[in-house]
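# Next come a sequence and a model predicted from it.
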Amino acid sequence: MVNLLIKLAAYAIVLLLYLLSIPFAARAAQGQAQAETGPGIIEVTTNLADYDNFQVPRYEKFELTLRLDTEYANPFDPDLIRVEGNFRSPTNVTFIQPGFFYQDYERNIVNGRETYSPLGTPAWKIRFTPREAGIYEYTIQVSDLSGTTTTQSEIFTVVPSGNPGFIRVSDLNQRYFEFDNGEPYFGIGLNIAWWQLENRRITTYEYYLNRMQEYKANLARVWMTNSGKQQDWILSIQDDTLGDQYNLEEAWAFDQILNMADEAGVYLLLTLDDVNQYTYNWPDNLYNSLNGGPISYRSALFTSQGARQYQERIFRYIIARWGYSPAILSWELFNEIDVLQRYDPDNWDRADMLQWHADMAAFIRAIDAHHHMVNTSTGSFVTHPDLYGLSGMEFAQMHFYYVPGCCDNAPSDPAGRDMADLTRYYAYLVMNSVIDKPSIIGEWGILNQDWVDSPYLELDTEGVHLHNGLWSSLMSGMATTGLSWHWRAHSTHDLTWWRHYRGIAEYFDDIQIADLEMMKPLNVDFSLPNGADNRPNAFSSTNDSLRVMGLRRGEMVYGWVQNKGNTWWNVTHQIEVSPQSGTIRVLNLTANKLYRIEWWETHSSEQPVIVTETVSSLADGSLELQVNGLAEDIAFKIYPDVFQLIWLPYLHLER
């Protein structure tokens, strides 16, 4: 009898799983609870069959595909046709996830050139990511001018997974990021802003994402500009009529790119619009009234209701299609929005610009079920505390470059010949522009007088400027490394540049962010404008040519020592760099205490820890570190020696 009951229970479970995995169109009469005049739902399918036992792993995509009985002249206008999923979590939290119009494609590659062919007929999709294990309940709601249709409630099961979840500002330390599961996230990466060639869209990102996975880089800044014409070189789903026919082919290509990023462990800082479309590309801008758009001057973008309607519509589509993904780090509203003031000084109103950012952040927050972070970015080498400080902006981002002879407000030449020093300076500025948020350097690099890639990039074959900028940014309290703008040069120097990411990724792999704080650096130049650092000294050295930067967490210190002569300028100009030696002191530790010191190779290495030693601090609480013949740089980690804390009493053992 027991065996019979077990078999019946097993059959019941199999039947339930089967029913959950098949379309429920056959139950339409009972299942749709259809309004008398609402849209007709012909079929609904799920992706449950993609998962073991038809159970969705936590933080993985649950996808619904709908076929409706009506075609719409503009399926991208939510006022004409709106599809939404209503989800209820095991703990009774409700989510509304917008749906989107979708066309499948097939990619073909002939002689290295990609082409795309539509597959099947268009459909509607809803993508949702469950954040809890247990039973989820959901309904689908479809509305058009005829009324509303709501389906019968359905369920799916979510099981635990190793996925760490979405990235947020850390509750432990608001200067840094962490995953939902509490693990810290140090972003290590670069810009891969566009694919450059229309016939190598996915192929381009395959190369970069594969390299990033191989060398442990985990952050890429990717652009999605929507307001210009003829942008075959860049991802742009916007159509030529502002909202009637989004480019579903390019959207499908980005589906594949996002999937690849997720598999590679790379998170995308997705830039939604670019100020250049409103500056030098203004004559071709789709918002320009001369092109049939809603605004007659650039800054009207912030106040025009017609412009806002289109902006909100495309933001809704982007979030509906890709907002499910934990691989999206943040929605960046604009690239370098502050530059617009120079091109439209007569109409510029800073209050309008700030209000637009606040409004758009609130709009995104209201429709993004997973509450990805929202940010914006600024260029021009200056910080904007009022913009970064808006409650909807969750971290500060500025950009800087070395530009010969530039600029009145940008001390990049000659200071930028020492990229570690220049990075440290701008990191100091942006970090001090906010007091309770992360800050990052979203673009940096070496340009020529025309603000395009410098010829010195070709000469910097070992990536000295890249290496020094990566280490300087994280050691200066940034939440991520500075994101290099020179992704094309990474492919040119394929064998030498990528290794720098693995070295810093391995070093930061086990660092925790609770109470982590930046230390005052040694032998950097803060005499530049607004650069004073009045904190107590954290390091000293017997050799002024040894630069020291670091982070501290209680008694643990994470430091980077650089030979100041090892700069991209000296290397590219074949100026001899002399090895440097000296004694470095780490100050303000506990007196007469044993510390364990790990010395780390900073480039990619199979054995990154070079040597481990135990050293006692001095009576003044300083710890002496010896550096001998340093040609480039080296890193160290200091831990209190735990063995001295263990007291074992003498035990007399009788036989």
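On my side now, so go ahead.

# so Phe636 makes contact with Glu601?
No - assessed by Cβ atoms under 8 Å, Phe636 is found out of contact with Glu601, at 11.1 Å. No exception for glycine: its C-beta is placed from N, CA and C like everyone else's.

# So between those two, which is more surrounded?
Comparing Phe636 with Glu601 by other Cβ atoms under 10 Å, the one with more neighbours is Phe636, at 22 against 17.

# Could you spell out the sheet neighbours of the helix or strand containing that one, each with its direction?
Using DSSP states H and E, Phe636 sits in strand 633-640. Within its sheet, and counting by DSSP bridges, strand 633-640 is paired with strand 556-563 (antiparallel), strand 594-600 (antiparallel).

# And the contacts of the first one?
This points to strand 556-563. Residues outside strand 556-563 that contact it (Cβ atoms under 8 Å, 6 or more residues apart in numbering): 420, 468, 471-472, 475, 507, 511, 519, 539, 545-552, 577, 579-580, 584, 586, 589, 602, 627, 630-640.

# Equivalent analysis for the shortest one, please.
The contact list for strand 594-600, computed with Cβ under 8 Å, 6+ apart, reads 507, 555, 589, 608-617, 623, 625, 634-641, 643-644.

# out of the contacts of strand 556-563, which are buried?
Those of the contacts of strand 556-563 that meet the buried threshold are 420, 468, 471-472, 475, 507, 511, 519, 539, 545-552, 577, 580, 584, 586, 589, 602, 627, 630, 632-638, 640, by 16 or more other Cβ atoms under 10 Å.

# just checking, which of the residues you listed belong to strands?
539, 546-552, 580, 584, 586, 627, 630, 633-638, 640 (DSSP state E).

# show me the contacts for Val626.
Heads up, residue 626 is Gln, not Val. Residues near Gln626 by Cβ under 8 Å, 6+ apart: 583-584.

# Quick check: it vs Gly559, distance?
Gln626 sits 14 Å away from Gly559, taking Cβ to Cβ, to the nearest Å as the criterion.

# burial count for Tyr402?
Residues near Tyr402, counting by other Cβ under 10 Å, number 25.

# And the closest residue to it other than its chain neighbours, its phi and psi?
In space, Tyr402 comes closest to Gly416 once its chain neighbours are excluded; the distance is 3.0 Å by Cβ to Cβ, 6 or more residues apart in numbering. The phi/psi pair for Gly416 (degrees, to the nearest 10) reads phi -70, psi -10.

# residue contacts, Gly416?
Contact analysis of Gly416 by Cβ under 8 Å, 6+ apart lists 401-403, 422, 446.

# Just to be sure, Thr45 is in a strand?
Yes - using DSSP: H, G, I helix; E, B strand; the rest coil, the secondary structure at Thr45 is a strand.

# Let the chain start at 35 from now.
Okay, residue one is now 35; in that scheme the one you just asked about reads as Thr79.

# If it is in a bridge, with which residues?
Beta-bridge partners, per DSSP bridges, of Thr79: Thr99.

# can I assume it is in contact with Trp158?
No - judged on Cβ under 8 Å, Thr79 makes no contact with Trp158 at a distance of 11.2 Å.

# what touches both of these two?
Contacts common to Thr79 and Trp158, judged by Cβ under 8 Å, 6+ apart, are Thr99.

# For those two, work out which one has more neighbours and name it.
Ranked by neighbour count (other Cβ under 10 Å), Thr79 and Trp158 place Trp158 first, with 20 against 17.

# The more buried one belongs to a strand, doesn't it?
Yes - counting by three-state DSSP, Trp158 is found in a strand.

# list the contacts for it?
99-102, 117, 133-136.

# neighbour-wise, which of these leads?
Comparing those on neighbour count, Val117 comes out first with 26 neighbours (neighbours: other Cβ under 10 Å).

# Skip the chain neighbours and tell me the closest residue to that residue.
According to Cβ to Cβ, 6+ apart, the nearest residue to Val117 is Gly133 (3.2 Å).

# From Val176, how far out is that neighbour?
Taking Cβ to Cβ, one finds Gly133 at 8 Å from Val176.

# With Lys250 instead?
44 Å.

# Please apply the same query to Thr79.
Thr79 is 15 Å from Val176, by Cβ to Cβ.

# list the contacts for the residue nearest to Val117?
For Gly133, the contact set (Cβ under 8 Å, 6+ apart) comprises 98, 100, 116-119, 158-160, 174, 354.

# Strands along the stretch 285-434 of the chain, start to end?
Using DSSP state E, counting those that start in this stretch, the strands found in the stretch 285-434 of the chain span residues 301-305, 362-366, 407-409, 430-433.

# Make TSV from those and add mean neighbour count and mean pLDDT to it.
Below are those laid out as TSV (neighbours: other Cβ atoms under 10 Å; pLDDT from 0 to 100):
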stretch	mean neighbour count	mean pLDDT
strand 301-305	25	97
strand 362-366	25	98
strand 407-409	24	98
strand 430-433	27	96
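
# Point out the one among those that comes closest to Pro124.
Of all those, strand 362-366 sits nearest to Pro124, with 24.2 Å by Cβ to Cβ.

# what's the neighbour count on Asp205?
Around Asp205 there are 9 residues (other Cβ under 10 Å).

# Was I right to think it contacts Glu212?
Yes - using Cβ under 8 Å, Asp205 is in contact with Glu212, at 7.5 Å.

# still on that earlier bit, more neighbours, Lys250 and Val176?
Taking neighbours as other Cβ under 10 Å, Lys250 and Val176 compare with Val176 leading, 25 against 19.

# For the residue nearest to Trp267 when sequence neighbours are not counted, give me its contacts.
The shortest distance from Trp267 to any non-neighbouring residue, by Cβ to Cβ, 6+ apart, is to Gln230 (5.3 Å). With contacts defined as Cβ under 8 Å, 6+ apart, Gln230 is in contact with 238, 267, 522.

# quick check, the first one in a helix?
Yes - counting by three-state DSSP, Thr238 is located in a helix.

# What helix or strand is Thr191 located in?
Assigned by DSSP H and E, Thr191 falls in strand 188-193.

# thinking again about what came up before, model confidence for the residue nearest to Tyr436, exactly?
Gly450 is assigned 87 on the pLDDT scale.

# Tell me, how many residues neighbour Tyr422?
Residues near Tyr422, counting by other Cβ under 10 Å, number 22.

# that older thread, out of the contacts of Trp158, which two are the most distant from each other?
By the measure Cβ to Cβ, the contacts of Trp158 have their two most distant members at Arg101 and Phe134, which lie 14.2 Å apart.

# Where does pLDDT dip in the stretch 535-684 of the chain?
560-566, 676-684 (pLDDT under 70).

# rerun that using 90 as the cut-off
558-570, 638-641, 675-684 (pLDDT under 90).

# what does the stretch 335-484 of the chain give?
Within the stretch 335-484 of the chain, the segments meeting pLDDT under 90 span 414-416, 438-450, 463, 483-484.

# can you give me the strands in the stretch 35-184 of the chain?
Using DSSP E, counting those that start in this stretch, strands in the stretch 35-184 of the chain cover 75-80, 90-91, 96-102, 115-122, 128-132, 134-144, 147-162, 168-178, 181-184.

# And those strands: which comes nearest Ala361?
Closest approach to Ala361 among those (Cβ to Cβ): strand 147-162, 12.5 Å.

# pLDDT on stretch 206-225, on average?
Per-residue scores along stretch 206-225 average to 97.

# Distance of His433 relative to Pro472?
16 Å.

# Sorry, slip of the keys, the one I care about is Gly168.
Here the criterion is Cβ to Cβ. By it, Gly168 lies 32 Å from Pro472.

# Just want to know which of these two has more residues nearby.
Comparing Gly168 with Pro472 by other Cβ under 10 Å, the one with more neighbours is Pro472, at 24 against 13.

# quick one, phi/psi of that one?
Main-chain torsions, Pro472, degrees, to the nearest 10: phi -70, psi 160.

# Just to check, Trp602 is in contact with Met453?
Yes - using Cβ under 8 Å, Trp602 is in contact with Met453, at 5.9 Å.

# joint contacts of these two?
Shared contacts of Trp602 and Met453, defined by Cβ under 8 Å, 6+ apart, are found at 480, 498-499, 502.

# now the strands of the stretch 285-434 of the chain in JSON lines, with distance to Pro489?
Compiled in JSON lines, the strands of the stretch 285-434 of the chain are given as follows (distance: least, Cβ to Cβ, whole Å):
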{"stretch": "strand 301-305", "distance to Pro489": "27"}
{"stretch": "strand 362-366", "distance to Pro489": "30"}
{"stretch": "strand 407-409", "distance to Pro489": "33"}
{"stretch": "strand 430-433", "distance to Pro489": "21"}
